[in-house]
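Chemist: Got a sequence here, can you model it:
(chains A and B, ligands or ions: 2)
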Amino acid sequence: MLKEELLIVEDLWKFIDGKPVLKGITFDVSRGETKVILGPSGAGKSTLLRCINLLVVPDRGRIIFDGEDVLKRRDIHNVRSKMGFVFQHFNLFSHMTALENVMLGLVKVKKMPKHEAEKKAKEALMAVGIAEELWNRYPAQLSGGQQQRVAIARALAMEPKLILFDEPTSALDPELIWEVLNVMERLAKAKMTMIVVTHEIGFAMRVASEVMFLDDGMILERGPPEQVILNPCNERVKRFMDRMKYVYSLDTG
Amino acid sequence: MISELLYVSLKYGLLLLEGLRTTFIITIASYAIGFAGGLCIAIARVFFHKILKVFAGVYVELFRGTPMLVQLFFVYYALPEIGIRVDPVTASIIAIGLNSAAYQAEYIRSALSSIPYSEIEAAYSLGLTKLNILIYIMLPQAIRIAIPTLTNEAIYLFKYSSIAYFVTASELMYVGKLIATRTFLYVEVYVLLALLYILFSIVLSEIARYIERKLQIPGYVT
Ligand SMILES: Nc1ncnc2c1ncn2[C@@H]1O[C@H](COP(=O)(O)OP(=O)(O)OP(=O)(O)O)[C@@H](O)[C@H]1O
Ligand SMILES: [Mg+2]
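Modeler: Ligands and ions are numbered 1, 2, ... in the order given. Coordinates of the predicted model:
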């Protein structure tokens, strides 16, 4: 039987220019869970996500992904191919069409034959609502929301066990935010395991199985969204949430 | 003037064409060496560690820091001293090619380092290896970015190939000098040479512009 936890992060530390950015982060993520990370700018949210798939190498701690110690693995490429990453600024390959963007990992990492990869990529694009007439467009010919959905398809096509989202809607207009969040909500319903860094507390309220509040490299509070967002214990978290609720006009009841 | 131009063109046309052919051989061959060498050096400088990086850096500084003519003389006169004998055209191709490699390396290197790190990071996140990222993400974009400077380099080489004259390679310049001394029509012959250089420079830059358009990424504004 598969163990319940897909990801275990233990006492994770990261120093940048001698300054601690992550100070002993510990948490775990169960299969099928959507974990939402909230926190102010500079808290270390991006650094935490980047550490999990070793885009940034942590200085101390352990990361156990799918039963394996990630930091001890030499074939980090294999580990990364099982974790999707969705970036704030989409980071699509600008010289490739939407379809080619999604196919690249399938062909070069999963070594799939071209026609099979193409079929799979098209399915992934359909799944995020990118219609056929957009498949051969280049990133610069797509709207932000479309680009982000292609980026999600690119991650999704690899059949990852976990997808990391780093503020996937922060660079989008409100209307486009909805189309991206909608896709993510569907993924959550389909029991995709996700860690989502976001400021969308409405999304967190609906989808998160647990919310963690990160500030200054530490987890200040964690728990169900109703607690952390609506009724936080920690003073710092409370102040932050009051401002968020004002910005998003969320009724506190 | 016009009648002299016609006279030279008709009487020595074949000779001029042969000179032009040699000029093109030197240009194309040295450009190919320069591009292949430049690509390797640029990749070494951006991508590899310590020793290779230093070696590539020294190469670039050495060839950019000394006159091309000195390099040409070195290849033509110094190499035979250690037993490597080369004919004038080959010597020119080697010298101009090695020199151009240093410049093309810099063009490609600056293009490589102008690729947004965000895309490279995205490629890593998919599980691509460093080598695959170089081949599929970095080089295709770097070459596109470098196209204007790289094609310019081809036009430079076309003109600079005339220094092969100094080691008696029978390229356009050399042939021109020959005709001029034979006919005493110095001005006319050099005007004719200038016209030929201009004509083919324009042709080359038109080809360059065509390639640039062909490789353009739709919707992408740089
Ligand atoms: N490459 C870097 N060089 C220098 N400092 C860095 C680097 N990356 C992160 N930092 C620092 O680490 C801290 C955490 O950065 P991080 O990007 O993880 O924060 P964040 O919570 O994602 O913030 P934001 O909401 O603005 O994205 C910040 O103080 C930042 O200045
Ligand atoms: Mg961030």
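Chemist: Got phi/psi on the residue in chain B that chain A sits nearest to?
Modeler: Taking CB to the nearest CB, chain A has its nearest neighbour within chain B at B:Gly127, 3.0 Å off. C-beta coordinates here come from the backbone N, C-alpha and C atoms, glycine included. Dihedral angles of B:Gly127 (phi, psi; degrees, to the nearest 10) stand at phi 100, psi 10.
Chemist: repeat for A:Gly32
Modeler: According to degrees, to the nearest 10, the main-chain angles of A:Gly32 amount to phi 80, psi 0.
Chemist: So it is in contact with A:Met194, correct?
Modeler: No. A:Gly32 is beyond contact range of A:Met194, at 9.4 Å (criterion: CB atoms under 8 Å).
Chemist: that older thread, what's the closest non-adjacent residue to the residue of chain B closest to chain A?
Modeler: A:Ser81 (3.0 Å; CB to CB, 6 or more residues apart in numbering or on different chains).
Chemist: do you know how far the residue of chain B closest to chain A is from A:Gly84?
Modeler: 10 Å (CB to CB, to the nearest Å).
Chemist: what sits in contact with each of the two?
Modeler: Common neighbours of B:Gly127 and A:Gly84, using CB atoms under 8 Å, 6 or more residues apart in numbering or on different chains, are A:Met158.
Chemist: show me the contacts for the residue nearest to B:Gly127.
Modeler: Here A:Ser81 is in contact with A:Gly105, A:Val109, A:Lys110, A:Met158, A:Pro160, B:Leu126, B:Gly127 (criterion: CB under 8 Å, 6+ apart).
Chemist: again with B:Pro218
Modeler: Neighbouring residues of B:Pro218 by CB under 8 Å, 6+ apart: A:Arg137, A:Tyr138, A:Ala140, A:Gln141.
Chemist: Check chain B and tell me which residue is nearest its centre.
Modeler: A centroid search over chain B (CA atoms, centre = their mean) returns B:Tyr31, at 3.7 Å, as the residue closest to the centre.
Chemist: name the element it belongs to?
Modeler: Using DSSP states H and E, B:Tyr31 falls within helix B:2-47.
Chemist: for the stretch 151-253 of chain A, which spans come out with low pLDDT?
Modeler: Within the stretch 151-253 of chain A, the stretches with pLDDT under 70 are A:250-253.
Chemist: try it again with 80
Modeler: Applying pLDDT under 80 to the stretch 151-253 of chain A picks out residues A:248-253.
Chemist: Sketch out the helices for it, chain order is fine.
Modeler: For the stretch 151-253 of chain A, the helices defined by DSSP state H, counting those that start in this stretch cover A:174-189, A:201-207, A:225, A:235-248.
Chemist: what's around A:Leu162, how many residues?
Modeler: For A:Leu162, the neighbour count with other CB atoms under 10 Å in any protein chain shown is 23.
Chemist: Return the residues in contact with it.
Modeler: Per CB under 8 Å, 6+ apart, neighbours of A:Leu162: A:Leu6, A:Leu7, A:Val29, A:Phe65, A:Lys82, A:Met83, A:Gly84, A:Thr193, A:Met194, A:Ile195.
Chemist: try 7 Å this time
Modeler: A:Leu6, A:Leu7, A:Met83, A:Thr193 (CB atoms under 7 Å, 6 or more residues apart in numbering or on different chains).
Chemist: quick one: A:Val36 is in a helix?
Modeler: No. Counting by DSSP: H, G, I helix; E, B strand; the rest coil, one finds A:Val36 to be strand, located in no helix.
Chemist: Pretty sure it sits against A:Ile201.
Modeler: No. Taking contacts as CB atoms under 7 Å, A:Val36 lies outside contact range of A:Ile201: 8.7 Å.
Chemist: between those two, which one's more packed in?
Modeler: The neighbour count for A:Val36 versus A:Ile201, taken as other CB under 10 Å, is higher for A:Val36 (26 against 22).
Chemist: re earlier: distance check, the residue of chain B closest to chain A against A:Leu104.
Modeler: Taken as CB to CB, the span from B:Gly127 to A:Leu104 is 11 Å.
Chemist: now do A:Ala208
Modeler: Look at A:Ala208 and A:Leu104: by CB to CB, they are 31 Å apart.
Chemist: buried residues in stretch B:103-113?
Modeler: For stretch B:103-113, a neighbour-count test (16 or more other CB atoms under 10 Å in any protein chain shown) marks B:Tyr103, B:Gln104, B:Ala105, B:Glu106, B:Tyr107, B:Ile108, B:Arg109, B:Ala111, B:Leu112 as buried.
Chemist: Actually, stretch A:75-93.
Modeler: When burial is assessed from 16+ other CB under 10 Å, stretch A:75-93 yields the following buried residues: A:76-77, A:79-93.
Chemist: Then stretch B:48-68?
Modeler: Residues of stretch B:48-68 classed as buried: B:Ala56, B:Tyr59, B:Val60, B:Phe63, B:Met68 (neighbour count, 16+ other CB under 10 Å).
Chemist: Without its sequence neighbours, what residue ends up closest to A:Gly144?
Modeler: For A:Gly144, the nearest residue in space outside its immediate sequence neighbours is A:Leu172; the separation is 4.9 Å by CB to CB, 6+ apart.
Chemist: Is any residue of the helix or strand that contains A:Asn101 near chain B?
Modeler: Under the criterion of DSSP H and E, A:Asn101 resides in helix A:98-108. Yes. Helix A:98-108 reaches chain B (CB under 7 Å from any CB of the partner chain) through A:Leu104, A:Gly105, A:Lys108.
Chemist: centre of the chain versus the helix or strand following that helix, how much separation?
Modeler: Under the assignment DSSP H and E, the closest C-terminal helix or strand after helix A:98-108 is helix A:114-127. The chain centroid and the centroid of helix A:114-127 are separated by 22 Å under CA atoms, centre = their mean, to the nearest Å.
Chemist: and the residue in chain B positioned nearest to ligand 1, what pLDDT?
Modeler: Per CB to the nearest ligand atom, B:Tyr117 is where chain B lies closest to ligand 1, at 10.0 Å. Here the pLDDT value assigned to B:Tyr117 is 94.
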